[in-house]
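Engineer: pasting a predicted model and its sequence here:
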Amino acid sequence: MVKIKKQKSKKEDTLFESNDALAGKLSSYEELFEKNKNTFSIIFISIILIVTFFGIGNYYISSQNRLAQEDMFQAVYYFESDSLVKALNGDGNNYGFLEIIDEYNYTKAANMSNYYAGVSYLKLKDYDNAINYLKSFSSNDELIQARSYSLIGDAYTELEDYQNAITFFKKAVNYNPNEFFTPNYLLKLALVYEELGNLNEAYNCYSKIVDSYKDSSEYQISIKNKSRLEGLI
């Protein structure tokens, strides 16, 4: 069998077989570097500085978060004991949630303190502050973020700002729906719709609970309310 030898292209001959061509290429790169060495130096130094500051920033935030978590322990204890004023403001020796938010901004502990502060103000019936702090909280957690939306809805309901209450109850309903908490958010939404006289939307909320959440504690009351609204619509 005759073997066919692959013919090299002129380009391949020039680049891979000619030492003069390779030397020429290297020379052109050297000339390019010489002409732009100041620019290349600035780019290189910038990259080094960015990497350095990023590392320092991560270390600082990690260190701050650790300290904040330690300081947060007593505030959580007061919160769970319903000593809400101390939970918010501290006791003179230990930080409260508000001080943690101020002192350790951008940490996970400060973010979580926004949630605790919002719930504390809600229990103290300071609904405006409750809304402000709960809105400052954000989480990827499937349950606690929806819970935060629902609590904001509760605060707006207490202020009789029903349109905003509907907005946040809807957010709670639609954020990772689950059989444990979503029925409660739907029930709250239905009750606000009834308060506004929007019986069709309230009926739809009760229907969703009846159809999709038969094992929930909201199921029985939703059956009753759905039947009641059928006679009114």
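Structural biologist: The structure has been received and is ready for your questions.
Engineer: which residue ranges make up the domains of the chain?
Structural biologist: Domain assignment for the chain, taken from automatic domain parsing, gives 24-126, 139-233.
Engineer: dump those to JSON lines, plus distance to residue 133 and mean neighbour count.
Structural biologist: All C-beta spots, glycine's among them, are computed from the backbone N, C-alpha and C. Listed next are the domains of the chain as JSON lines, based on distance: least, CB to CB, whole Å; neighbours: other CB atoms under 10 Å:
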{"stretch": "domain 24-126", "distance to residue 133": "4", "mean neighbour count": "15"}
{"stretch": "domain 139-233", "distance to residue 133": "10", "mean neighbour count": "18"}
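Engineer: for residue 132, find the nearest of those.
Structural biologist: Closest approach to residue 132 among the domains of the chain (CB to CB): domain 24-126, 7.7 Å.
Engineer: mean confidence score for the closest one?
Structural biologist: The average pLDDT for domain 24-126 rounds to 79.
Engineer: got it, and stretch 207-220?
Structural biologist: Averaged across stretch 207-220, pLDDT comes to 97.
Engineer: contacting residues around that stretch?
Structural biologist: 179-180, 182-184, 186-187, 190, 222-223, 226 (CB atoms under 8 Å, 6 or more residues apart in numbering).
Engineer: just give me the closest of those residues to residue 69.
Structural biologist: Among these, and counting by CB to CB, the member closest to residue 69 is residue 180, at 27.3 Å.
Engineer: circling back: okay, the domains of the chain in JSON lines with distance to residue 132 next?
Structural biologist: Below are these laid out as JSON lines (distance: least, CB to CB, whole Å):
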{"stretch": "domain 24-126", "distance to residue 132": "8"}
{"stretch": "domain 139-233", "distance to residue 132": "10"}
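Engineer: next one: the host helix or strand of residue 220 to chain centre, how far?
Structural biologist: Residue 220 is part of helix 219-230 when elements are defined by DSSP states H and E. Relative to the mean C-alpha coordinate of its chain, helix 219-230 is positioned 35 Å out (CA atoms, centre = their mean, to the nearest Å).
Engineer: sorry, back to before: which two from the contacts of stretch 207-220 end up farthest apart in space?
Structural biologist: Maximum pairwise distance in the contacts of stretch 207-220, criterion CB to CB, is 21.1 Å, between 180 and 226.
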